[in-house]
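>>> Sequence plus predicted model, see below.
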Amino acid sequence: MTEAMGSVETTISLNGAQVTGHAPADTTLLRWLREQAHAYEVKEGCNEGTCGTCTVLVDGRATTGCTTLAVQVAGGEVETSVSLSDGDELSPLQTRFWEAGAAQCGFCTQGMLMSAVELLRSGDEVTPTTVREHLHGNLCRCTGYQAIVDAVVRAAEEGATR
Amino acid sequence: MTDTVRDHVRRPTRVVNTSVLRNDAREKLLGRTRYAGDLDVAGQLHARLVRSPVPSARIVAKDASAALAIPGVVAVLFGEDVPNNEIPTNTAGIKGRPLPPSWVLATDRVRYHGEPVALVVAANLRALAAGEAAVEVEYDLLPVVSDPERALEPDGPEVHEGGNLLSQWEIDRGDVDAAFADADVVVEGRYEAQVVDHAYLEPETGVGWLDDEGVINIRVSTQEIEHYRRIAHVVGLTDSKVRVQAPYLGGGFGGKEDMTVEPYIALAVQRTGRPVKMTWTRQESLTARAKRHPVRMSYRTAATADGRLLAHDIEVVSDAGAYPLLSGFVLLYITLNAAGPYRCDNVRVRSRAAYTNNTPGSAFRGFGGMQPVLGYEAQIDKVADATGRDRVEVRKRNAFTAGDRIPAGQRIDTAVWLPQCIDAVLERIGPRPEPSSPDHRVGLGLACNVQPYGRVAWMNDSASAWVGCERNGDVVVRCGVPDVGGGQVSSLAQIAAEVLHVPMDKVTVHFGDSARTPLAGRTTATRQLYMSGNAVLAAARVLRARLVEGVARGSGHAESALTLAEGGVITPDGVVPLAEVVMMCLANGVAINAMETYFAPTGPPVAQRIDAERIVPDFTFGAHAAYVEVDTRTGAVRPLRYVAAHDVGRAINPASVRGQIEGAVVQGLGYALSERIVYDEGVNLTGAFYQYAVPTAADCPEIEVVVLESGEGVGPFNARGIGEPPIGPCAATIASAIEDAVGVRPTTLPMLAERVRACIDERAQS
């Protein structure tokens, strides 16, 4: 969706690289990331801030891209799930997800990882209970959460931050 | 033992029956998996539906001129513009009466809130939204019927001409009236379950384009690539001119079994000649996408003084909504499974599905095996209580065993490990937790279920798979399975790796393409591992024999002196690596691939009265137990701990089995406690995701899974299907736990706090 009228130039640091896009001022961060930055790892699940599927880190804070405008984030730092891995090598958290079976259909996974990363970096105590509370804004419809909770707890035990 | 039990000798396996890491999960974790909505095609247009804002009306006028005047709007289609607007319905209905069709776009009458009326195609999403708003449709409101029992009354407003009875099924086994007359105890109950939504995280989406051969290609989130035939019919092309590809799905649960965006994409591509993308919004999906059928069930059950079931007399009314879709088959499954996993020689079931002006009902994980668990598990508890027997003992005493016949006539050919499942969950559930305050009560619940896997016999189901070797010895599988997220593709790789003695990472699976992978049928009915797994197993075995034959011809050794093992073919002269085996085959006229088709057992169609030797391929059994805590002041219910056990025959991938069961339990807890779609006279009020309470991680208890392996099942390596079965027992388990906690059992789903509180109050007053 591009439209010359009312188009705003926005520059965002996306996973460490400066990305500039042109989009109407009311473009959500979710749409901007997918359409301007081709960050297809950011998924749309509800577009109303309920499911958490589009969660990214904005200046370190887990944020739903569908309830944030791209212009609000101009000049800020956005991290998506592709920033976690080192090339083809899974990050420690991603490895724990893989081993635990925490990604089945995988559609909630990108947002789930970013909320989990926020918790891992917070310095807060990571227990099954705190993981469940921290991830309550990220819906999963096919794993039943158990494997996800197990994976995050295990990653925390190893001191993982990504 | 019966004569049809499969070989259950446990041969050691290397790859199968181990928790290998799923081969799809790595790319998913890296964020690289391109779901259907993640592909944009250069020059694509966007499409969107204009949907009816009312549940029942005559369309008196339609005008697209204002919409077409908006810059960027390319086309507006009404039903009159569709080459074949009628989607034929071939599901089970009433004997001798044709079912009404569904419409791609309603022409002169709408029957439910959200029914598609027009298709708008535009160059960008802004023009699309403006175009949708500018399409003028004038409605003349008609009476609404939103209650299925009201719909079935003689003067109920007609949704379709000829009355509102869509489907009815009957079981008449034994002499029910005589059994009731002889019974020591008779217990009764009425149970009601609500409408729920699949709520997969990935909404319906796809993109289509015309290729160089004039074929309409559609890459779409679907559980059935073989809709290409229906899509071709809609656009008036021959079948082979439509190709459907299903990349990995972000969940399906039955909601992507019927067509969703496909016919609209095809129409828009055909009309414009341009690539077209269509994505339904979450809100659109909640409002108009087919749901699980709500049911009302009344049970009368007779038993002896020592707790043996004598008879069931069961009536079911199901709300099918406005169009037939799969309602007849869902009702068949409700009817088949109405008496549960228990032996009962006298069973009468009368079930009816009615048209209403609610959202159509269709497939949803459990598919009619789901709803009656609430009824039959409450009834067996009542029998236990009425006879003063233990609930566990009564279940075990009445549990089917291999060789028994279900009330619908079919004999159970494989082991029934219901007692083992019950013992497993009761052993693992652990000590009763202490309540968190004097106002809280903790209760333990138990429920069992049976769920068929595979399609009904008269579907004549089959699945094909191709397995071949690359020149370097790598293995390639081609199989048209859609992977809904359950690990369908990964399991096929495991099976091929097992038979051909190669590591998992040497197997590549091409899947989900109606033009380029052998057709394997839909990923529904818990059939995909069973069907395509058996097809891959058969093809891999043929290929294994060919590879050995090639070495025999090339080396001069007898085939009996050769074995395919890890690394290649072992000969008396040493090991021939797979890459060389391939070249020896080609040099000696032996194919390095094989294609096989697996056929499910078949049987004649069942019409209305169900009494048949063969209805489904086989069954999966399970038991669940849970502790819940009930706040007696508010009625709020919190699950504390949950254990689920199912006999899966043999687990191809035990970790995947656990994942399927854990996911099903949470979806089942939503059904039990929080999820519902609310209607007001046919108007769907649940149009936003925040209104629809999918359980969150914080709502869910710790879940433990026990995977039992009887070694008997009709899938590959004696596996049973496990995709749907574990969602069945959840609501009954929670109801039973609430009853244990507060002495009264809710009978209406979901068991919301106010309903539980009302039950507690009622009991206090009586």
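Thanks, I have the structure now.

>>> in a helix, that's where B:P518 is, yeah?
No: using DSSP: H, G, I helix; E, B strand; the rest coil, the assignment for B:P518 is coil, not a helix.

>>> which phi and psi does it have?
Backbone torsions of B:P518, given as degrees, to the nearest 10, read phi -60, psi 140.

>>> so what's it up against?
B:S464, B:A465, B:W466, B:R478, B:C479, B:G480, B:A535, B:M595, B:T597 (CB atoms under 8 Å, 6 or more residues apart in numbering or on different chains). Using the backbone N, CA and C atoms, a C-beta is placed for each residue, glycine as well.

>>> wait, isn't B:A151 in contact with B:A353?
No: the pair B:A151 / B:A353 is not scored as a contact, 10.1 Å apart, by CB atoms under 8 Å.

>>> among the contacts of B:P518, which two are most distant?
The most widely separated members of those are B:R478 and B:T597, with 13.0 Å between them, by CB to CB.

>>> Which one's more surrounded, these two?
B:R478 (23 against 16; other CB atoms under 10 Å in any protein chain shown).

>>> what about the chain, any weak spots by pLDDT?
Picking chain A for this. A:1-5 (pLDDT under 70).

>>> The intended chain is chain B.
Checking chain B against pLDDT under 70 turns up B:1-11, B:91-93, B:95-96.

>>> buried sites along the lengthiest helix in it?
When chain B is parsed with DSSP state H, its longest helix is helix B:528-555. Of the residues in helix B:528-555, B:528-540, B:542-544, B:546-555 count as buried by neighbour count, 16 or more other CB atoms under 10 Å in any protein chain shown.

>>> do stretch B:679-696 as well
B:Y679, B:G682, B:V683, B:N684, B:T686, B:G687, B:F689, B:Y692, B:A693, B:V694, B:P695, B:T696.

>>> What backbone torsions are found at the first one?
Torsion angles at B:Y679 (phi, psi; degrees, to the nearest 10) stand at phi -120, psi 150.

>>> Can you name the residues bridging to it?
As for beta bridges, B:Y679 partners with B:N684 under DSSP bridges.

>>> Can you tell me how far it is from B:P143?
For B:Y679, the distance to B:P143 (CB to CB, to the nearest Å) stands at 15 Å.

>>> Just the closest residue of chain B to chain A, please.
B:G485 (2.6 Å; CB to the nearest CB).

>>> The residue nearest to that residue when sequence neighbours are not counted: how many residues sit nearby?
Spatial nearest neighbour of B:G485, excluding adjacent residues (CB to CB, 6 or more residues apart in numbering or on different chains): A:C105 at 2.6 Å. By other CB under 10 Å, 29 other residues sit near A:C105.

>>> A:C140 now?
So A:C140, with other CB under 10 Å, has 31 neighbours.

>>> That one and B:D258, how far apart?
24 Å.

>>> again, but for B:G603
25 Å.

>>> give me every residue that touches the nearest residue to A:V42 once chain neighbours are set aside.
Nearest residue to A:V42 in three dimensions, chain neighbours excluded: A:L33, at 4.8 Å (CB to CB, 6+ apart). Applying CB under 8 Å, 6+ apart to A:L33 gives the contacts A:L14, A:A39, A:V42, A:V56, A:G65, A:A70, A:V78, A:T80.

>>> Let me have these in JSON lines, extended by neighbour count, distance to B:E393 and secondary structure.
JSON lines is the format used below for the contacts of A:L33 (neighbours: other CB atoms under 10 Å in any protein chain shown; distance: CB to CB, whole Å; DSSP: H, G, I helix; E, B strand; the rest coil):
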{"residue": "A:L14", "neighbour count": "23", "distance to B:E393": "63", "secondary structure": "strand"}
{"residue": "A:A39", "neighbour count": "23", "distance to B:E393": "58", "secondary structure": "coil"}
{"residue": "A:V42", "neighbour count": "27", "distance to B:E393": "54", "secondary structure": "coil"}
{"residue": "A:V56", "neighbour count": "28", "distance to B:E393": "55", "secondary structure": "strand"}
{"residue": "A:G65", "neighbour count": "29", "distance to B:E393": "55", "secondary structure": "helix"}
{"residue": "A:A70", "neighbour count": "26", "distance to B:E393": "64", "secondary structure": "helix"}
{"residue": "A:V78", "neighbour count": "26", "distance to B:E393": "60", "secondary structure": "strand"}
{"residue": "A:T80", "neighbour count": "24", "distance to B:E393": "55", "secondary structure": "coil"}
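
>>> Return the member of those residues nearest to chain B.
Using CB to the nearest CB, the contacts of A:L33 come closest to chain B at A:T80, 7.1 Å.

>>> any idea what sits nearest that closest one, other than its immediate chain neighbours?
A:V56 is the one closest to A:T80 (CB to CB, 6+ apart), at 5.0 Å.

>>> Could you do B:V261 as well?
In space, B:V261 is closest to B:M278, 4.4 Å off (CB to CB, 6+ apart).

>>> burial count for that neighbour?
B:M278, neighbours per other CB under 10 Å, totals 26.

>>> Show residues contacting the host helix or strand of it.
Using DSSP states H and E, B:M278 sits within strand B:276-279. With CB under 8 Å, 6+ apart as the test, strand B:276-279 has contacts from A:44, B:37, B:40-41, B:44-48, B:121, B:203-209, B:261, B:264-265, B:268-269.
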